[in-house]
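>>> Fold the following for me, if possible:
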Amino acid sequence: MPSVDRRAHTRLSTAEVAAREAFAYWREMICATFVRLAAEPVSDADFSGRIDHVPVGEVELSTVVACGQHVRRTRGLIAADTGEFLLASIQLRGEGRVGQDGRTAILTPGTMAFYDSTRPYTLHFDQPFHQLVVQVPKSELLLRDSRDLTARALGPGTPGGVVSSFFRSLAEGAGSGAAELTVLVPHAMGLLSAAASYAGRLAPARPAADAWARERVLGFLRRHLADPALDAETVARACHVSRRTVYRLAGPGGVAVQLRRLRLERARALLLAEPLRPVAGIAADCGFDSESGFYRAFRAATGQTPAEYRRSHGSGTAGQ
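Numbering: from 1, shown residues only. Just a heads-up that it's a prediction; the model follows:
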């Protein structure tokens, strides 16, 4: 049976076994990664699937790419488990359905839906799909009862759209080995609670409401970080809050510190993703008003120059 260490990055794939054993191995994969589940393929065609599981503190993020299937969480399987989790499926490609508590949510790209491991649920996919599954212990969340929030589709234009975007970015960063992302765990829990409260048509508790407002601020910073003139006043106007609120939501150091962190995060990703690109171009695209300023900030944050960072991560010396 495949093994998943919930504290470590784990990759599993049916490519590791013969085609005739693929779906049986897949059943073991999803049980090891999530909770005990029953599953059946929707066709007789060869099955393939893979899971990239990465933990960020108490948050478990699993990127799933697989062929069509029907998955069930039954009362018998629930009785055999001890953990209690709230899960959210964020659909990236393809379509699916989540059923629980008498409701069915249709999952289309950009949509998310919650389900609770302590009660029966179903997941169904007629065709190949790609989704991100967020799994957290129920004890860590700011909610009392999940019965009103499960199997409700939260799509673009709702808090679910913003929360989905955050967790996609978190999964990408965690998957690349950015251990410092654990500082975002309280924020992630608050955002998930805010989305769950919205799904249940409940008024978010103050910590959850603050997390939602903070993500609006950080989301604006991420989208506009290439603008070297971006400042707290601009963010406050765009997010319809006061400058004082912006500074409070941005956290220690205020907007300037958060913006520098996001710019350097983007710069690190671009240095590795585009190894032939000149550093000056990356600096400009990340909102630094001079190449020398970028070098100073990058070295202060990483202890390396951009060129040294590229070399130490296996990207060679091109584009320096």
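>>> how much space is there between E215 and V4?
Relative to V4, E215 is positioned 29 Å away (C-beta to C-beta, to the nearest Å). To be clear about C-beta, it is placed using only N, CA and C from the backbone, and glycine gets the same treatment.
>>> Likewise for F294?
F294 sits 39 Å away from V4 when distances are taken as C-beta to C-beta.
>>> Same check on R147?
29 Å.
>>> same deal with R260?
When distances are taken as C-beta to C-beta, R260 and V4 turn out to be 36 Å apart.
>>> now do D148
Distance of D148 to V4, given as C-beta to C-beta: 31 Å.
>>> neighbour count winner among those two?
The residue with more neighbours, out of D148 and V4 and counting by other C-beta atoms under 10 Å, is V4; that gives 20 against 15.
>>> Am I right that that one sits in a strand?
No: secondary structure assignment places V4 outside any strand; it is coil (DSSP: H, G, I helix; E, B strand; the rest coil).
>>> who's in contact with it?
T10, L12, A32, T33, H53 (C-beta atoms under 8 Å, 6 or more residues apart in numbering).
>>> Got a PyMOL select line for the buried ones in these?
A single PyMOL command is used to select the members of the contacts of V4 judged buried by 16 or more other C-beta atoms under 10 Å:
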select buried, resi 10+12+32+33+53
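>>> Can you tell me which of the contacts of V4 is nearest D126?
When the contacts of V4 are compared for distance to D126 (C-beta to C-beta), T33 wins out at 22.1 Å.
>>> you'd agree that closest one is up against S62?
Yes: because the distance of 5.6 Å satisfies C-beta atoms under 8 Å, T33 is recorded as touching S62.
>>> overlap in contacts of the two?
With C-beta under 8 Å, 6+ apart, T33 and S62 have common neighbours I51, H53.
>>> Could you list the low-pLDDT ranges of the chain?
When residues are selected by pLDDT under 70, those of the chain lie in 1, 142, 176-180, 202-209, 212, 314-320.
>>> Can you show me the helices along it?
In chain order, the chain shows helices spanning 22-33, 75-79, 159-175, 185-199, 206-224, 232-239, 243-250, 254-273, 279-285, 291-302, 306-312, with DSSP state H as the criterion.
>>> Would you mind finding the most buried of the ones you listed?
Neighbour counts (mean count of other C-beta atoms under 10 Å) averaged over each of these peak at helix 185-199, with a mean of 23.
>>> Residues contacting that one, please?
By C-beta under 8 Å, 6+ apart, the list of residues contacting helix 185-199 from outside reads 56-59, 86, 88, 112-114, 134, 136, 140-143, 146, 148-150, 152, 154, 158-160, 162-163, 166-167, 170, 203-205, 207-212, 214-215.
>>> Pull the number of nearby residues for the nearest residue to E58 once chain neighbours are set aside.
In space, E58 comes closest to E140 once its chain neighbours are excluded; the distance is 5.2 Å by C-beta to C-beta, 6 or more residues apart in numbering. Counted with other C-beta under 10 Å, residues neighbouring E140 total 17.
>>> Against P55, how distant is E140?
Distance of E140 to P55, given as C-beta to C-beta: 13 Å.
>>> intersection of neighbour lists for the two?
In terms of C-beta under 8 Å, 6+ apart, E140 and P55 are not both contacted by any residue.
>>> Surely L262 touches R223?
No: L262 lies out of contact with R223 (C-beta under 8 Å); the separation is 10.1 Å.
>>> Residues in contact with stretch 68-86: which ones?
With C-beta under 8 Å, 6+ apart as the criterion, stretch 68-86 contacts 26, 30, 34-43, 47, 114-129, 135-139, 141, 143, 146, 192, 196.
>>> what about it, how long is it end to end?
Counting by C-alpha to C-alpha, to the nearest Å, the length from the leading to the trailing residue of stretch 68-86 is 23 Å.
>>> And stretch 146-153, by the same measure?
Stretch 146-153 has its terminal residues 14 Å apart, counting by C-alpha to C-alpha.
>>> can you pull the buried residues of it?
Taking 16+ other C-beta under 10 Å as the neighbour-count basis, stretch 146-153 is seen to contain the buried residues S146, L149, T150, A151, R152, A153.
>>> Okay then, goodbye and thanks.
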